[in-house]
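> Compute the structure for the input listed below.
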Amino acid sequence: MPALAVALGLGLAGCSTPGPAHLYLYSPAAGERTLRDVHPVHGGELAQIPAFNEPGEYLLGLAYDPFTDHLFLRLFPGNQVRVIDRPAAAIKRTFIAPELPLGGHDLTIRSRDRHLFFTDPTGPALVETDLRGEFVRRIALVGLSGPAHGVAHDARTDELLVLPDDPTDRLLRYSMDGELVAETRLERTVEGYSLAYDSVERTAFASLADGSAIAVFDAEGRLLRRLARPAAEREVFIDIGARSLLRMF
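Okay, here's the model as predicted:
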């Protein structure tokens, strides 16, 4: 089979060869207009990427898709999502998710089909859309009494991870139907704003509640390491992903 046909077949099947993981950070501090690409182990800055936010426009969360190398930014006011092409440092497109309630917190993406999952500010649920922002369904989260805060997707198990409060020391794992699968107690209390999850290393990333660092936790909730962050950052939005060597659009 020709090499091109093999590559296309792998792309359509959703397969890829992962490269090194990168951590992406954004702080909504006054005047902040860039996303930072940092090393997920030692925290050193590798690059800056423009966020293209306009005056009066705020980010509520971000998600990274390793298969396309795109960053998805949830914007406020409104229910828009801006897609940034990381290699080109350019806006790929902006779309509206018309069924998405205004406000909310984090979002995550399932790279297999590039469906997006948004926290719902009106109750204990996630809103799932397709890549164009068209409504797919509302996923009620069993056992949660209020809106979810940080959310991430585990590509290895196809499950959703949720920070239920702000601050919190709990990490909840849900099936794609909203059934509670497991609860992990984190060794340190974290901010609820944003959650990132490395499905390969099985590590979760969230900011410590005192704002001193981004904490990295193992599958049992043990604190593995801290990544320092500037003192001026009141909160930070986080996502992580291993860049694919086979990029899909």
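> Could you use CA atoms for every contact and neighbour count after this?
Noted.
> Tell me which residues touch the residue most central in space within the chain, please.
Centroid-nearest residue in the chain, with C-alpha atoms, centre = their mean: residue 63, separated by 3.5 Å. If you count contacts by C-alpha atoms under 8 Å, 6 or more residues apart in numbering, residue 63 has them with 71-73, 107-109, 238-239.
> Can you tell me which of those residues is closest to residue 181?
Top of the list for closeness to residue 181, among these and by C-alpha to C-alpha, is residue 108 at 18.4 Å.
> can you count the residues close to the closest one?
Using other C-alpha atoms under 10 Å, residue 108 has 30 other residues around it.
> go on, the one 3 residues further on?
Look at residue 111: counted by other C-alpha under 10 Å, it has 17 neighbours.
> circling back: could you give the bridge partners of the residue nearest to the centre of the chain?
Beta-bridge pairing of residue 63, defined through DSSP bridges, involves residue 72.
> what about the protein, any weak spots by pLDDT?
Along the chain, the model assigns pLDDT under 70 to residues 1-18, 30-31, 231-232, 234, 244-249.
> can you give me the helices for it?
Along the chain, the segments classed as helices by DSSP state H run 3-12.
> show me the contacts for the nearest residue to residue 65 once chain neighbours are set aside.
Using C-alpha to C-alpha, 6 or more residues apart in numbering and skipping residues adjacent in sequence, the residue nearest residue 65 is residue 111, 6.0 Å away. With contacts defined as C-alpha under 8 Å, 6+ apart, the neighbours of residue 111 are 14, 65-67, 155.
> Repeat that for residue 48.
For residue 48, the residues meeting the contact criterion (C-alpha under 8 Å, 6+ apart) are 34-37.
> Same question for residue 43.
The neighbourhood of residue 43, defined by C-alpha under 8 Å, 6+ apart, consists of 227-228.
> Next, give phi and psi for it.
According to degrees, to the nearest 10, the main-chain angles of residue 43 amount to phi 80, psi 0.
> Next, find the distance separating it from residue 173.
With the distance defined as C-alpha to C-alpha, to the nearest Å, residue 43 ends up 26 Å from residue 173.
> before we move on, what about residue 225?
When C-alpha to C-alpha is the yardstick, residue 225 and residue 173 sit 22 Å from each other.
> between these two, who's got more neighbours?
residue 173 (22 against 15).
> Show me the contacts of residue 111 that map onto strands.
When DSSP state E is applied, those are split such that residue 65 fall in strands.
> In ChimeraX, how would I select just the buried ones from the contacts of residue 111?
Selecting only the buried entries of the contacts of residue 111 in ChimeraX, with 16 or more other C-alpha atoms under 10 Å as the criterion:
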select :65,66,67,155
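> Thank you, goodbye.
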